[in-house]
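Novice: Please work out how this folds:
(one chain, ligands or ions: 3)
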Amino acid sequence: MAIRKLLIANRGEIAVRIIRAARELGIRTVQVHSAADADSLAVRLADEAVLIGPPAASKSYLNVVAILDAARATGADAVHPGYGFLAENADFADAVEAAGMVWVGPKGDAIRVMGDKVAARIAAEGAGVPVVPGSDGRVDEPEHARTIALAIGFPVMIKAVAGGGGRGIRIAHDMEEFERLMPQASAEARAAFGDGGLYLEKVIERARHIEVQILGDGTRAVHCFERECSLQRRRQKVWEEAPSAVLPQALREKLCASAVALAKTVGYRGAGTLEYLYDDASGHFYFIEMNTRIQVEHPVTEMVTGIDLVREMIRIAGGEPLRYRQEDIALRGHAIEVRINAEDPARNFQPAPGTITGLAVPGGMGVRFDTMLYQGYTVPPFYDSLLGKLIVWDEDRPAAIARMARALRELAVDGLPTTKPLHQLLARDPDVAAAAFHTRWLEPWLDQNAHRLGTEETTE
Ligand code: ADP
Ligand code: ADP
Ligand code: MG
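Specialist: Ligands and ions are numbered 1, 2, ... in the order given. Got it, this is the predicted structure:
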């Protein structure tokens, strides 16, 4: 069914990103919003806006009844969930389709299999994709959990079956710590994700986070190569690149082929990402999870492949076949994205909402700033602290890093602290230049560099 009017069940920079893609396709947009977002850029850019509830996400952006009512009232014929909120909620996907509308994402059943991290591990093993050694399923029974932990060997990673956004993950170094952390992890997972289910994985030390972008139309699937997101704080991505600087070509082909194979087992439709840990010392990679939605860092893939992923996912949802054959998709140059968050790096990244009193957006060749900001906008305190993503492209990685440093120098967000000073330091760091990092590289680096994080670099 060709989409004529798309409702965006999200907010912030991703809502703006989706509105832009829809407009270029000649599709009208309906932006639902909470009372805290009446002045948002997405509300200003959309054709129509509908208030769906108070600031609390549970009563607005997670309010399925209010969102479906808004869709019916405005005559929307499709829903794009963005990332976070309801994006990986299979029941919502089914409800949208049951209401006769198009869901811009995979079938509810594909979300059910790949969104449950234990089910996804089983699917991966079935498709011949290596997974991190760990429990075969959930470990709800304490005696069973202890036995599995001993078999895996400490340190053991405790993960929530329904987890996401880096939350619900803990590391136990011995049995005593394990027994203490398990009930905590389960309670936290139940509160955060509505499911206290846990599973266990071996800790892969000094691993790199490498993920593969997939596009499928339910019949065919292709990959758009990989991204590396090893620079993380609290298991959340901070700086992302495409391609990975360290993946040998033969392994790239193997990794990407494994992702396509796995996506095909669920007849995957739309954009999705398969995340892996990669041990560059041994050359082994291990599947960790699939995100059945568009990801925050999708622009770096767009910059190196030239494919507009959000536009493509909307076209596929509207019933068009995938426009690309695998051999049409090529990598060109190098792209880097940094997350500009309303957080104070000098105060342990404490969230810092406030009003934007001044804004200078960087420009020039190869520079893109995907943001929700405008001058005078007040960042509400109720949601994720992501304000925008600064993305650069250049012919090779050293040039891209130099361009990132230059673009950061031009970027000015006045009125509240942001993570810009962190990225300025990273863009000048010799280990970053050498791509000599792994997922646990940044946190000790932050401890060592804490005193330098408070001020923006204004000199060369
Ligand atoms: P990406 O892989 O796209 O960087 P993240 O894992 O950082 O995605 O999550 C993107 C956004 O979605 C964040 O705002 C995060 O808090 C949110 N998110 C991801 N998974 C979940 C989940 N299961 N429940 C609630 N929020 C989630
Ligand atoms: P989320 O759903 O919260 O994104 P992931 O399973 O993708 O959770 O893991 C998030 C991050 O946690 C990874 O990018 C990696 O840094 C770390 N991590 C996850 N599993 C392991 C593991 N088995 N060993 C080492 N690090 C891990
Ligand atoms: Mg993940």
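Novice: can we go C-alpha only for contacts and neighbour counts from here?
Specialist: Will do.
Novice: can you map out the helices along the stretch 101-250 of the chain?
Specialist: Along the stretch 101-250 of the chain, the stretches classed as helices by DSSP state H, counting those that start in this stretch are 108-115, 117-126, 142-152, 175-193, 249-265.
Novice: Of these, give the one that comes closest to ligand 2.
Specialist: Closest to ligand 2 of the helices of the stretch 101-250 of the chain is helix 117-126 (CA to the nearest ligand atom; 7.8 Å).
Novice: So which other helices or strands are in contact with that closest one?
Specialist: Helix 117-126 sits against helix 108-115, strand 156-164, helix 249-265, strand 284-291, with contacts defined as 3 or more CA pairs under 8 Å, 6 or more residues apart in numbering; DSSP states H and E.
Novice: close to ligand 1, is that helix?
Specialist: No - judged by CA under 6 Å from any ligand atom, helix 117-126 stays clear of ligand 1, getting no closer than 10.1 Å.
Novice: Mind exporting the C-alpha coordinates of that helix to PDB?
Specialist: Below are the C-alpha coordinates for helix 117-126, written out as PDB (Å, rounded to 0.1, in the frame of the first residue of the first chain):
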ATOM      1  CA  LYS A 117      18.000 -11.600  23.000                       C
ATOM      2  CA  VAL A 118      17.900 -15.200  23.900                       C
ATOM      3  CA  ALA A 119      15.600 -16.100  21.000                       C
ATOM      4  CA  ALA A 120      18.000 -14.200  18.700                       C
ATOM      5  CA  ARG A 121      21.000 -16.100  20.000                       C
ATOM      6  CA  ILE A 122      19.200 -19.300  19.200                       C
ATOM      7  CA  ALA A 123      18.300 -18.100  15.700                       C
ATOM      8  CA  ALA A 124      21.900 -17.000  15.100                       C
ATOM      9  CA  GLU A 125      23.200 -20.500  16.100                       C
ATOM     10  CA  GLY A 126      20.700 -22.000  13.800                       C
END
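Novice: That one near ligand 2 anywhere?
Specialist: No - judged by CA under 6 Å from any ligand atom, helix 117-126 and ligand 2 are separated, with a smallest distance of 7.8 Å.
Novice: so how far is residue 7 from residue 130?
Specialist: According to CA to CA, to the nearest Å, residue 130 and residue 7 sit 38 Å apart.
Novice: Kindly report the same for residue 238.
Specialist: Distance from residue 238 to residue 7, by CA to CA: 29 Å.
Novice: Comparing those two, which residue is more hemmed in?
Specialist: residue 7 (30 against 21; other CA atoms under 10 Å).
Novice: Phi, psi for the more buried one please.
Specialist: Residue 7 adopts backbone torsions of phi -90, psi 130, taken as degrees, to the nearest 10.
Novice: Let me know the pLDDT of it.
Specialist: Turning to residue 7, the model gives it a pLDDT of 99.
Novice: do residue 456 as well
Specialist: Note on residue 456: pLDDT of 67.
Novice: ok, back up a step: kindly present the helices and strands packed on helix 117-126 as JSON lines, with separate columns for mean neighbour count, mean pLDDT and distance to ligand 2.
Specialist: Shown next, in JSON lines, are the helices and strands packed on helix 117-126 (neighbours: other CA atoms under 10 Å; pLDDT from 0 to 100; distance: least, CA to the nearest ligand atom, whole Å):
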{"stretch": "helix 108-115", "mean neighbour count": "21", "mean pLDDT": "95", "distance to ligand 2": "9"}
{"stretch": "strand 156-164", "mean neighbour count": "23", "mean pLDDT": "94", "distance to ligand 2": "3"}
{"stretch": "helix 249-265", "mean neighbour count": "18", "mean pLDDT": "97", "distance to ligand 2": "15"}
{"stretch": "strand 284-291", "mean neighbour count": "21", "mean pLDDT": "97", "distance to ligand 2": "5"}
